[in-house]
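> Got a sequence here, can you model it:
(one chain, ligands or ions: 1)
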Amino acid sequence: MTLTVKDLSGGYGQLTVIQNISFTIQPGELTAFIGLNGSGKSTTINHLIGLLAPKTGSIVLNDVSMVMDPIAYKKQIAYVPEQPVLYEELNLEEHIQFMINIYQLDSAETWEEAHRLLKIFRLDDKLNWFPTHFSKGMRQKVMIVMAFITNADLFIIDEPFLGLDVIAVNDLLALIDEKKAAGASFLITTHVMSTLRAHADKFIYLEDGQIAASGSMEEIKDQVPALLIGEADV
Ligand SMILES: Nc1ncnc2c1ncn2[C@@H]1O[C@H](COP(=O)(O)OP(=O)(O)OP(=O)(O)O)[C@@H](O)[C@H]1O
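Numbers count the residues shown, from 1 in each chain. This next block holds a predicted model:
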């Protein structure tokens, strides 16, 4: 899969927040999306997942865009937002089934994978639990499992590490590496670069809605504040 973002400008209503954003993500590549609060990371993601329409420019994933075929485009993407979004009236089992339905996944195969992932995150005995009983970290893990059972080509994860215990962070990194090896791509935003750094192939540094630096760590490290790339401890 290849994601190609070309000259993307966008924002909310009349307000333009991001400008002239261009980048590509190749199959099996993990791109870390970094920048200070308010630099435009979530706004860019909102465009990538089709929540906002570009003011100018284009977003194409595997030769498909939102404009050409919104359903086909969205089925290629799994998104884990920073704040878990769960349905209070559905239990854990029904959340998994919901994903199987909307992504039109093979039920037996996907349930097998769901059980494996739920076990990793110690949720396998909680299939009849409702979101109200979950802790913040558990909610985050449910969102991760729901994304990782899909066969999406591109995984977009907003700040995955906050709220997860250290074992869960390690397990998530292992799952990311597994998906990467199978050819999936990742765009991950984080303020905890020390955790992600070793797993990232490429970095995009946003400043005031524009890409101020992009490339390998070697290529960007002189252009990005040291604290942002885990070069120095806070
Ligand atoms: N719904 C919205 N309506 C109007 N402006 C918004 C909205 N959401 C964000 N913004 C503005 O867009 C700019 C970029 O915000 P964005 O959330 O994309 O930043 P971010 O890089 O994701 O920040 P953070 O690291 O804090 O998550 C900010 O100036 C913000 O005030």
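
> counting residues per helix, which one in the protein is longest?
helix 166-181 (DSSP state H).

> contacting residues around that one?
Residues outside helix 166-181 that contact it (CB atoms under 8 Å, 6 or more residues apart in numbering) are 28-30, 117, 120-121, 137, 141, 144, 148, 155, 160-161, 164, 186, 188, 195, 199. Where you see a C-beta, it was placed from the backbone N, CA and C, and this is true even at glycine.

> What is the distance between that helix and the centre of its chain?
Computed by CA atoms, centre = their mean, to the nearest Å, the separation of helix 166-181 from the middle of its chain amounts to 13 Å.

> contacting residues for residue 84?
Listed by CB under 8 Å, 6+ apart, the contact partners of residue 84 are 136, 139, 140, 142, 143.

> let's go with 7 Å and repeat that
For residue 84, the contacting residues are 139, 140, 142, 143, taking CB atoms under 7 Å, 6 or more residues apart in numbering as the criterion.

> got it, and residue 16?
Residue 16 is in contact with 9, 55, counting by CB under 7 Å, 6+ apart.

> ok so, going back, same question for the next helix or strand after the longest helix of the chain, mean pLDDT?
If you walk from helix 166-181 toward the C-terminus, the next helix or strand you reach (DSSP states H and E) is strand 185-189. Averaged across strand 185-189, pLDDT comes to 96.

> Give me the domain ranges for the protein.
As assigned by automatic domain parsing, the chain contains the domains 1-76+152-234, 85-151.

> Does the lowest-mean-pLDDT helix or strand in the chain reach the ligand?
With mean pLDDT, DSSP states H and E as the measure, the helix or strand of the chain carrying the lowest mean pLDDT is helix 193-196 (a mean of 85). No - Helix 193-196 is not in contact with the ligand by CB under 6 Å from any ligand atom; minimum separation 12.5 Å.

> which residues are in contact with that helix?
Identification of contacts with helix 193-196 by CB under 7 Å, 6+ apart yields 32, 34, 161, 169, 188, 190, 228, 229, 230.

> Stretch 112-127 now?
Stretch 112-127 is contacted by residues 91, 92, 93, 96, 138, 141, 142, 145, 148, 149, 168, 171 when judged by CB under 7 Å, 6+ apart.

> Excluding chain neighbours, what is closest to residue 17?
Spatially, and ignoring its direct neighbours in sequence, residue 17 is nearest to residue 11 (3.6 Å; CB to CB, 6 or more residues apart in numbering).

> who's in contact with that neighbour?
By CB under 7 Å, 6+ apart, the contact list for residue 11 reads 17, 18, 43, 55.

> Try it again at 8 Å.
Contact analysis of residue 11 by CB under 8 Å, 6+ apart lists 17, 18, 43, 52, 55, 209.

> From those, which land in helices?
Filtering the contacts of residue 11 for helices - DSSP H - leaves residue 43.

> Filter the contacts of residue 11 down to the ones in strands?
When strands are assigned by DSSP state E, the members of those inside them are 17, 18.

> hmm, which two among the contacts of residue 11 are most spread apart?
The span of the contacts of residue 11, defined through CB to CB, is set by 52 and 209 at 13.1 Å.

> the more surrounded of those two?
In this comparison of residue 52 against residue 209, neighbours counted by other CB atoms under 10 Å, the higher total goes to residue 209 at 21 against 18.
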